[in-house]
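Asks: I need the structure of the sequence given here:
(one chain, ligands or ions: 2)
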Amino acid sequence: MAQQDCCSQPGLMLPADALEKMFAAAAPLIRIEEVALEQAMGRVLAEDIHSAIDLPLFNNSSMDGYAVRAAEVKTGQKMAIAGKAFAGVPFDGDIPAGACVRIMTGAPLPEGLDAIIMQEEANVDGDQVSFNVEVEPGYFVRHRGSELKHGQKVLSKGTRIGAAEVGVLATVGHASIKVNQPITVALFSTGDELKPVGDDLQPGQIFDSNRHALRSMLTEMDAKVIDLGVIPDDLEQVRAAFHKADELADVVITSGGVSVGEADFIKIVLDEMGQVNFWKLAIKPGKPFAFGKLPNSWFCGLPGNPVSSMVTCYQLVGPMITHLSGQTPKPAITLNATLTDQIRKKSGRQEYQRGVLSRNADGSLQVETTGAQGSDMTTSMSRANCFIVLPWDNEGVQPGDTVVVEPFNRILGGW
Ligand SMILES: Nc1nc2c(c(=O)[nH]1)N[C@H]1C(S)=C(S)[C@@H](COP(=O)(O)OP(=O)(O)OC[C@H]3O[C@@H](n4cnc5c(N)ncnc54)[C@H](O)[C@@H]3O)O[C@H]1N2
Ligand code: MOO
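Replies: Numbering: from 1, shown residues only. Ligands and ions are numbered 1, 2, ... in the order given. As a prediction, the model looks like this:
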């Protein structure tokens, strides 16, 4: 806060301060339900998960080969093969002294044997085998409980369940789990100029692209999106859309009409129906972002310029949805990279330039901008794989300067 008091635009917050205010205003919406493992992907755990079993559940072989008593193996000396052990079909016969068991990967280690010799080191001769190596007890054995003990915590409440977590849940035998209900978002675009994609365009009209891009981003945030379409620049219709959205969802998100123009009704209706917590931030693009409270929901008003709407959705709505969903946030990864081109900038707003991050032949990271950075240029987003983040007090950077980059996460098609 001290920074912006000094030099950024008076009264305008930086994104980190805005997020702090949003999180302080809105408590997580914890509504627990039980879902089957098949429906768990993308949900947030409402409980700690403990393993119901030791893992591995039994001593088993990590190689195809021969199970032996390590002390009995002498290089080149023949041993009798007492039988076979397969994954799912254990060997349960007697194993005379000096004998071994043919074993496959994942098969339970027969009682009394303590090591595995891989088959590449074995020389089979009828029902006997000799080995090229001698081994210690435990060799190529995966021991019961070596990964996890029964009752041990494997996943924490607040974890977003991704593919790896689904794998863990299945491994430890959880067929269903308690999760938080998804955050519902009602989304609409505003603007007389906006036509549905695919319609014929009259002079001055454009396709409503923001709603599609934002719906896609929100879906990647694991929100349940209620798409309310395009609302014309008409105070009554904007008001009606707000009421409907507020009835339906936890969060209402609009794009457009949030600036200072004569057809910008968003802030007027927010003021009238609820409260404006803040409006305008010291960021570029995305300055006119609005956050507030409606009777039943939280409100985020995104600027109409396509890039501005996506940047504010990523930088502000994303963390807010994570917070509301009860998820433990993962820290954003930032990297230092050498800039290849010049960026002109004035002090006052934190900028999110779109960049392409790559590795040089010498192994160092470099980043170039996607070119012209107009906030109407959607392709500047699709060509990028990162934001080049220039702090509010930066006054331009030159080729060869080190800059901070934020690689896109899955919400923008990244990792
Ligand atoms: N006098 C000022 N004018 C503007 C300011 C300002 O501070 N003073 N801020 C500028 C900035 S920065 C932005 S960002 C925009 C945001 O304005 P709005 O949120 O009111 O957006 P609109 O005026 O409705 O639209 C802006 C632009 O984006 C196009 N648009 C809108 N919705 C969509 C959509 N769903 N799909 C595709 N494109 C969309 C719209 O046609 C306009 O071209 O205000 C500046 N003005
Ligand atoms: O914030 Mo506006 O997004 O600079 O075009």
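
Asks: packing partners of the lengthiest helix in the chain?
Replies: Across the chain, the longest stretch assigned as helix under DSSP state H is helix 235-248. Judged by 3 or more Cβ pairs under 8 Å, 6 or more residues apart in numbering; DSSP states H and E, helix 235-248 is in contact with strand 184-190, strand 224-231, strand 251-255, helix 266-273. No exception for glycine: its C-beta is placed from N, CA and C like everyone else's.

Asks: deepest in the core, which of the ones you listed is it.
Replies: For these, the largest average neighbour count (mean count of other Cβ atoms under 10 Å) is found in strand 251-255, namely a mean of 29.

Asks: count the neighbours of the closest residue to ligand 1 within the stretch 251-400 of the chain for me.
Replies: Nearest residue of the stretch 251-400 of the chain to ligand 1: G304, at 2.4 Å (Cβ to the nearest ligand atom). Using other Cβ atoms under 10 Å, G304 has 25 other residues around it.

Asks: who touches the closest residue to it other than its chain neighbours in this structure?
Replies: Among residues not flanking G304 along the chain, G256 sits closest, at 3.2 Å (Cβ to Cβ, 6 or more residues apart in numbering). Applying Cβ atoms under 8 Å, 6 or more residues apart in numbering, we find G256 in contact with 189-191, 194, 210, 266, 302-304, 309.

Asks: got it, and G162?
Replies: Counting by Cβ under 8 Å, 6+ apart, G162 touches 41-42.

Asks: now do the contacts for P295.
Replies: Going by Cβ under 8 Å, 6+ apart, P295 touches 246, 273-274.

Asks: all helices of the stretch 201-350 of the chain, in order?
Replies: 210-220, 235-248, 266-273, 306-312, 318-324 (DSSP state H, counting those that start in this stretch).

Asks: just send those helices back as CSV, with distance to ligand 2 and mean pLDDT too.
Replies: CSV is the format used below for those (distance: least, Cβ to the nearest ligand atom, whole Å; pLDDT from 0 to 100):
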stretch, distance to ligand 2, mean pLDDT
helix 210-220, 12, 98
helix 235-248, 20, 97
helix 266-273, 14, 95
helix 306-312, 3, 98
helix 318-324, 17, 98
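
Asks: go ahead and confirm E368 touches Q342.
Replies: No - applying Cβ atoms under 8 Å, one finds E368 not in contact with Q342, separated by 10.6 Å.

Asks: counting neighbours, go ahead and name the busier of those two.
Replies: E368 (17 against 11).

Asks: SS state for that one?
Replies: strand (DSSP: H, G, I helix; E, B strand; the rest coil).

Asks: roughly how far apart are it and W392?
Replies: Counting by Cβ to Cβ, to the nearest Å, the gap from E368 to W392 is 23 Å.

Asks: try A290
Replies: Computed as Cβ to Cβ, the A290 to W392 distance reads 20 Å.

Asks: same question, A87
Replies: For A87 relative to W392 (Cβ to Cβ), the value is 59 Å.

Asks: returning to what we had before: and A70, which of the helices and strands packed on helix 235-248 is closest to it?
Replies: A70 sits nearest to strand 224-231 of all the helices and strands packed on helix 235-248, at 57.0 Å, using Cβ to Cβ.
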